[in-house]
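**Q** 3D model of this:
(one chain, ligands or ions: 1)
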Amino acid sequence: MASTKSTLMSLAAQIASSAAVIQQQLERNKLQGPSFAADAPTALPDDPEVQNARMALIEAASSLQCLATGPEDLMKWQAITLKHDQFVLDFLNQYRVFEAVPLDSDIPYAELASKVGVSESILRRVIRHAMTQHIFAETAPGSGRVVHTSNSAFVARTPLVKSWLGHNLEEVTAGSVKQVETIRTYGDSQEPNESAMCIALTGGPLEEGKTLFDFFGTDGEGDQKGWRMRRFGEAMKSATQSGAHSGHHVHAGLEWDALGDATVVDIGGSIGHVSIELAKQHPKLKCIVQDFAGLEPQFNATLPVDLRDRVTFQAHNFWEEQPVKGADVYFMKHILHDWSDKYCLKILRAIVPAMKDGSRIVVMDGVLPPPGTAPLPMEHLLTALDLQMMTALNAKERSHEEWVALFKEADSRLEVKGIVQPPGSAAAVIEVVFHG
Ligand SMILES: C[S@@+](CC[C@H](N)C(=O)[O-])C[C@H]1O[C@@H](n2cnc3c(N)ncnc32)[C@H](O)[C@@H]1O
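**A** Predicted structure coming up:
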């Protein structure tokens with residue numbers, strides 16, 4: 001763990017020992033190691049030993065970079081580079097440059113520029129900056145020909161990631177730019193209609209009672225109406241496909257098979273990606289995905305035929321009383337972190353009347369560890385998510401104590417039975433039992 005006592009040499013030694021642990025595991029399992037080549041693996045194996053070494057390595061490497069850069073350059077350089085790093089990624093995404101570069105050959109700048117419809121001069125300048133972050137490379141420096149790296153190839157091969165980039169770099173970034181001004185005007189507001197993103201995207205606070213999700217569902221004309229909601233659905237699906245937010249961590253968070261022939265209500269389940277994952281792995285579960293009606297066509301389009309009798313969609317607004325009575329599990333993944341306490345209490349109290357003795361509320365969300373106790377890269381991700389919730393909805397991530405207090409305040413019959421942090425997952429699984 002890096003500390004104020006860390007030195008260039010102690011961090012370099014940590015990097016070497018962590019890299020050795022990873023390398024040995026890769027060799028033992030005859031796996032290819034990471035590289036910048038376009039066909040390199042996109043992630044290290046899930047193995048806990050590898051993941052722990054990976055976290056230690058990233059922490060030491062970023063701390064070393066910080067020390068070697070030094071405070072004077074670090075603070076000034078960051079002020080210059082951060083915003084342009086974002087612009088470049090946004091540009092490459094919006095101009096479809098990732099897809100326009102062939103995966104198996106290089107392409108001259110001039111041809112690429114005409115393919116994506118931008119001037120060659122702008123494209124060269126953008127890619128030159130991107131290359132400093134290993135996003136694209138030149139076949140040989142100065143050759144005038146562009147080739148994929150592992151990072152750019154990942155986006156080209158994973159179309160849903162484009163929605164994740166689009167949502168974050170177009171919508172959340174617009175909110176970030178307004179965040180300081182919003183805090184100055186609204187202070188520590190708990191109201192989702194006064195969030196920085198609402199203000200940035202709609203020109204002012206939304207009407208009382210409306211949220212960003214209402215705007216996402218209604219923005220656009222004709223066939224385009226609701227495009228932001230559909231893109232958000234794809235962004236969430238992309239976030240849960242792999243990595244720290246992967247949907248597969250849900251399996252390690254609860255003894256799902258021990259529930260037997262159970263009904264799971266996936267509240268705010270979007271287009272059903274997590275329920276589909278659950279139903280595939282646990283053949284006795286029946287899942288009902290609840291979300292806005294506008295997401296049902298996307299749900300139907302992605303639902304595997306063999307799951308049609310076990311995974312269904314129900315339009316439901318979670319501010320209203322839960323219509324599925326006596327279910328075994330009311331599941332919410334990345335729902336409660338979208339809302340301040342006042343609104344979480346409303347969501348939870350709309351579920352309680354439907355619960356039977358022994359029913360569970362199962363929440364999959366971040367649990368903020370005490371400061372300085374998680375690996376730095378994970379802490380960085382969690383604190384960024386916390387600020388993302390502030391920007392989007394004046395909401396927040398919660399600590400263990402805050403979660404326990406929230407359920408207790410919602411209803412004294414709700415008892416937090418366990419909080420499990422699956423290895424490699426940014427989100428924990430919180431099991432809450434109802435004693436009716
Ligand atoms: C952060 S996403 C989480 C999606 C999914 N559970 C996941 O983890 O991938 C929040 C979800 O809440 C849904 N939502 C927001 N307001 C809602 C409401 N009033 N009633 C039902 N669903 C709502 C959104 O449409 C969106 O799918």
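**Q** Which residue ranges of the stretch 1-150 of the chain form helices?
**A** Taking DSSP state H, counting those that start in this stretch as the criterion, the stretch 1-150 of the chain contains helices spanning 8-28, 48-69, 71-94, 97-100, 109-116, 120-131, 150-157.
**Q** who touches stretch 233-244?
**A** Around stretch 233-244, the neighbours that count as contacts under C-beta atoms under 8 Å, 6 or more residues apart in numbering are 42-43, 158, 160-161, 163-164, 166-168, 245-247, 270-271, 273-274, 277, 295, 298, 302, 334, 378, 381, 424-426. Any C-beta I mention is one placed from the backbone N, CA and C, and that applies to glycine too.
**Q** Next step: the residues you listed restricted to helices.
**A** Residues from the contacts of stretch 233-244 lying in helices, with DSSP state H as the criterion: Val161, Ser163, Trp164, Gly166, His273, Val274, Glu277, Gln298, Thr302, Met378, Leu381.
**Q** hang on, the earlier thing: just the buried members of the contacts of stretch 233-244?
**A** Buried by 16 or more other C-beta atoms under 10 Å: 160-161, 163-164, 166-168, 245-247, 270-271, 273-274, 277, 295, 298, 334, 378, 381, 424-426, out of those.
**Q** re the thing from before, with distance to Pro353 and pLDDT added, can I get the ones in helices among the contacts of stretch 233-244 in CSV?
**A** Supplementary listing: the ones in helices among the contacts of stretch 233-244 in CSV, determined by distance: C-beta to C-beta, whole Å; pLDDT from 0 to 100:
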residue, distance to Pro353, pLDDT
Val161, 40, 96
Ser163, 36, 97
Trp164, 36, 97
Gly166, 39, 98
His273, 28, 92
Val274, 24, 93
Glu277, 29, 92
Gln298, 30, 93
Thr302, 32, 93
Met378, 37, 86
Leu381, 36, 88
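**Q** So which of the contacts of stretch 233-244 reach the ligand?
**A** Among the contacts of stretch 233-244, proximity to the ligand is found for Ser270, Val274, His334 (C-beta under 6 Å from any ligand atom).
**Q** excluding its backbone neighbours, what's nearest the second one?
**A** Read it as Val274. In space, Val274 comes closest to Gly247 once its chain neighbours are excluded; the distance is 4.8 Å by C-beta to C-beta, 6 or more residues apart in numbering.
**Q** Residue ranges of each domain in this protein, please.
**A** 8-69, 72-157, 161-235, 244-434 (automatic domain parsing).
**Q** List, one by one, the residues from the protein near the ligand.
**A** Applying C-beta under 6 Å from any ligand atom, we find that the chain lies next to the ligand at 213, 236, 240, 268-270, 274, 291-292, 317-319, 333-335, 338.
**Q** now do 8 Å
**A** 211, 213, 216-217, 229, 232-233, 236-237, 239-240, 247, 266-271, 273-274, 290-292, 295, 316-319, 332-335, 337-338, 364 (C-beta under 8 Å from any ligand atom).
**Q** Which among those count as buried?
**A** A residue is treated as buried here by neighbour count (16+ other C-beta under 10 Å); on that basis the buried members of the residues of the chain next to the ligand are 211, 213, 216-217, 229, 232-233, 236-237, 239-240, 247, 266-271, 273-274, 290-292, 295, 316, 318, 332-335, 337-338, 364.
**Q** chain center to stretch 157-165: distance?
**A** Using C-alpha atoms, centre = their mean, to the nearest Å, we find the averaged C-alpha position of stretch 157-165 to lie 12 Å away from the chain's own average C-alpha position.
**Q** same thing with stretch 222-229?
**A** On C-alpha atoms, centre = their mean, the centre of stretch 222-229 falls 22 Å from the chain's centre.
**Q** Quote the end-to-end distance of it.
**A** Using C-alpha to C-alpha, to the nearest Å, the end-to-end distance of stretch 222-229 comes out at 14 Å.
**Q** Could I get the pLDDT score of the residue nearest to Gln133 when sequence neighbours are not counted?
**A** Nearest in space to Gln133, with sequence neighbours left out and distances taken as C-beta to C-beta, 6+ apart, is Asp85 at 6.6 Å. Reported pLDDT at Asp85 in the predicted model: 98.
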